[in-house]
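Participant: Okay, here's the prediction I keep looking at, along with the sequence it came from:
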Amino acid sequence: MMSQKNETAVLVLTLVITLGLVGAVYWWLNRSSINIGSFSNNQSQQVGSNLENFAQVPNIPSGLFSYGGSTTWAPIRREVDSAIQTVFPQFQLRYTDPTSGAPGSGSGIKMLLNNQLAFSQSSRSIKNEEYQQAQQRGFTLKEIPVAIDGIAIAVNPSLNIPGLTVAQVKEIYTGKITNWQQVGGPNLPITPYSRRIEEGGTVEFFEDNILGGEKFGENVQYIPTTTEALREVAKNTGGMYYASAPEVVGQCSIKSLPLGKTAEKLVPPYQEPFVPLSECSQKRNQLNAAAFQSDQYPITRRLFVIVKQNGQTDQQAGEAYARLLLTNQGQELISKAGFVRIR
């Protein structure tokens, strides 16, 4: 009888100790999980890439937010904005053109600096003078990369040439090479087309990174839009033009050229084999995404959301938009728009 009482007492004591330990462990884990949870939440807010879809993105503000900028972004806007509105109807987005001049990365950043936009889209990095202008206005600018793009060279479909090196492209646009015969083509004058430097981030990127700061040659003919420039190239056997690869590669009236750092390694901006333009209306050339991601293609760049860091709803809107684009759903839509996922 005494033995049974002792056993019972031991069992009760063991149970109390066990419950105490379980309680302590539960308290510690619960406390730790709160810290871990808040850390993970902060990370997902900053990065967004570990989130699958738009609905999982926190802190989406309510209101009407004007944004603007890069014309290169137009295909992304078409795919992304309606999908965002479906999930977050309270997060209203309105693309806004500048009151004067052509829309582009530079004009978008200028409008952002002048408090005309909540955030902007850019196909080039922020310039030092733009950072300085923001500081003078009492805030800072932040660029958030969300996609990879490349510059493609468009030529007339009848031009017989295997491709160009980046150095040859530079010499054509600075007026040092003026005939296709100088780069292995027919005896035919080259007519290089471009938009003007003040009309877009693509032109600024091209001047800074391809021309190395040199000025365009006197032989360059200026055209207001990519659509008009591609029409001219389609009509002019000796014409050429550069633009964002998704705007060029799938076109049926022109062809895009392989480019290389050296003549021995020319990389096409399209997936091989090349789809003949005679088949183009049924089957279009697709972007060579693998070459863009691996940096084999020689002229690539990143697309940025430009955020105004002022602690206001403008900053919240810009950061929310970038986080949405960095989700898996956002990256899929960027890919559908013809650009390359950054994640």
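Facilitator: Received it, and whenever you're ready, just let me know what you need. Residues are numbered from 1 along each chain as shown.

Participant: C-alpha from now on. contacts and neighbour counts both.
Facilitator: Fine.

Participant: Can I get stretch 294-314 in PDB, CA atoms only?
Facilitator: The C-alpha trace of stretch 294-314 is given here as PDB (Å, rounded to 0.1, in the frame of the first residue of the first chain):
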ATOM      1  CA  SER A 294      23.700  34.600 -68.400                       C
ATOM      2  CA  ASP A 295      25.100  37.900 -69.700                       C
ATOM      3  CA  GLN A 296      26.300  36.300 -72.900                       C
ATOM      4  CA  TYR A 297      24.300  38.900 -74.900                       C
ATOM      5  CA  PRO A 298      26.600  42.000 -74.800                       C
ATOM      6  CA  ILE A 299      24.100  44.800 -74.200                       C
ATOM      7  CA  THR A 300      21.800  44.200 -71.300                       C
ATOM      8  CA  ARG A 301      20.400  46.500 -68.600                       C
ATOM      9  CA  ARG A 302      18.000  46.500 -65.700                       C
ATOM     10  CA  LEU A 303      14.600  48.100 -65.400                       C
ATOM     11  CA  PHE A 304      13.900  50.100 -62.200                       C
ATOM     12  CA  VAL A 305      11.100  51.300 -60.100                       C
ATOM     13  CA  ILE A 306      12.200  54.800 -58.800                       C
ATOM     14  CA  VAL A 307      10.900  55.400 -55.300                       C
ATOM     15  CA  LYS A 308      10.700  58.800 -53.600                       C
ATOM     16  CA  GLN A 309      11.900  58.200 -50.000                       C
ATOM     17  CA  ASN A 310      10.000  60.900 -48.100                       C
ATOM     18  CA  GLY A 311       8.200  58.800 -45.400                       C
ATOM     19  CA  GLN A 312       4.800  59.600 -47.100                       C
ATOM     20  CA  THR A 313       2.300  57.600 -49.000                       C
ATOM     21  CA  ASP A 314       4.200  58.200 -52.200                       C
END
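
Participant: list the buried ones in that stretch?
Facilitator: Of the residues in stretch 294-314, 296-309, 313-314 count as buried by neighbour count, 16 or more other C-alpha atoms under 10 Å.

Participant: domain ranges for the protein?
Facilitator: Using automatic domain parsing, the domain parsing of the chain gives 1-46, 54-148+301-341, 154-299.

Participant: tell me the mean pLDDT over the second one?
Facilitator: Spelled out, it's domain 54-148+301-341. The pLDDT scores in domain 54-148+301-341 average 96.

Participant: now do the same end-to-end measure for it.
Facilitator: End-to-end distance for domain 54-148+301-341, by C-alpha to C-alpha, to the nearest Å: 16 Å.

Participant: Give me the distance from that domain to the chain's centre.
Facilitator: 10 Å (C-alpha atoms, centre = their mean, to the nearest Å).

Participant: cool, the longest one as well?
Facilitator: From the chain centre to the centre of domain 154-299 is a distance of 20 Å (C-alpha atoms, centre = their mean).

Participant: now the helices for the stretch 151-300 of the chain?
Facilitator: Assigned by DSSP state H, counting those that start in this stretch, the helices in the stretch 151-300 of the chain fall at 166-173, 201-209, 226-235, 245-248, 289-293.

Participant: okay if I get those helices as TSV plus mean neighbour count?
Facilitator: Output for those, formatted as TSV (neighbours: other C-alpha atoms under 10 Å):
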stretch	mean neighbour count
helix 166-173	21
helix 201-209	20
helix 226-235	18
helix 245-248	24
helix 289-293	18
